[in-house]
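1. kindly return the folded structure for what I paste below:
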Amino acid sequence: MSIEAIAKSLTDALNANTAALPAPTAAPAAAAPAKQPARRTRTRAKKNEPAKASKDQLLEKFGHYLKTPSTREEQQRAGITIHPIIDKFGVTKVSEIPEDSHAEAMALLEPLQAAFDEGGIEAAEAVELFPDEGGDDAGLL
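-> Residues are numbered from 1 along each chain as shown. Take a look at the predicted model:
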């Protein structure tokens, strides 16, 4: 039997079955649109706004930086390098940084950590977190 003969017999059987079906009496009513499940929305931080960071994340990141140096002297020097960050937020300890500033504080720590990872405590000490922008009257111009 050839393919054409098989296709013709299948088409004939399909047509016969279709003819045997009862004719619809009325057109089906337009179905109401199915309810779509509510979309889950995520609260995303704006591109320029850093994501919120918890106090635990803040303390972990600063703790890691402060404990990375191998000697006690280097650890003390690392502690000095974070003073500009602490001073920026007007506090005396990392744990006192306001919650809404945790992400910013961690972002400020990143260049220190990267410099330390590359060149040790001397490199971290050379990082200028807040470079001088031209003196006291620079903002007046």
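
2. for the protein, longest helix please?
-> Criterion DSSP state H: the longest helix present in the chain is helix 102-126.

3. could you give the mean pLDDT of it?
-> Averaged over helix 102-126, pLDDT sits at 89.

4. distance between that helix and the chain's centre?
-> Taking C-alpha atoms, centre = their mean, to the nearest Å, one finds helix 102-126 lying 21 Å from the centre of the chain it belongs to.

5. now do stretch 71-80
-> For stretch 71-80, the distance to the chain centre is 31 Å (C-alpha atoms, centre = their mean).

6. buried residues, it. List them.
-> Judged by neighbour count using 16 or more other C-beta atoms under 10 Å, the buried positions of stretch 71-80 are 74, 77-78. Every residue, glycine included, has its C-beta placed from N, CA and C.

7. returning to what we had before: mind giving me the packing neighbours of the longest helix of the chain?
-> On a contact count with 3 or more C-beta pairs under 8 Å, 6 or more residues apart in numbering; DSSP states H and E, helix 102-126 meets helix 55-67, helix 72-81, helix 83-88.

8. what mean pLDDT does the shortest one get?
-> Summarised as a single mean, pLDDT over helix 83-88 is 91.

9. offset the numbering so it begins at 18, please.
-> New numbering, starting at 18: the last item is helix 100-105.

10. dump it to CSV, restricted to CA.
-> Provided in CSV are the C-alpha atoms of helix 100-105 (Å, rounded to 0.1, in the frame of the first residue of the first chain):
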residue,chain,number,x,y,z
HIS,A,100,37.4,55.5,60.4
PRO,A,101,36.4,57.8,57.5
ILE,A,102,33.4,55.5,56.8
ILE,A,103,32.4,55.6,60.5
ASP,A,104,32.9,59.3,60.7
LYS,A,105,30.7,59.9,57.5
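
11. what residues does that helix touch?
-> Helix 100-105 has contacts (C-beta atoms under 8 Å, 6 or more residues apart in numbering) with 109-111, 114, 122, 125-126, 146-147.
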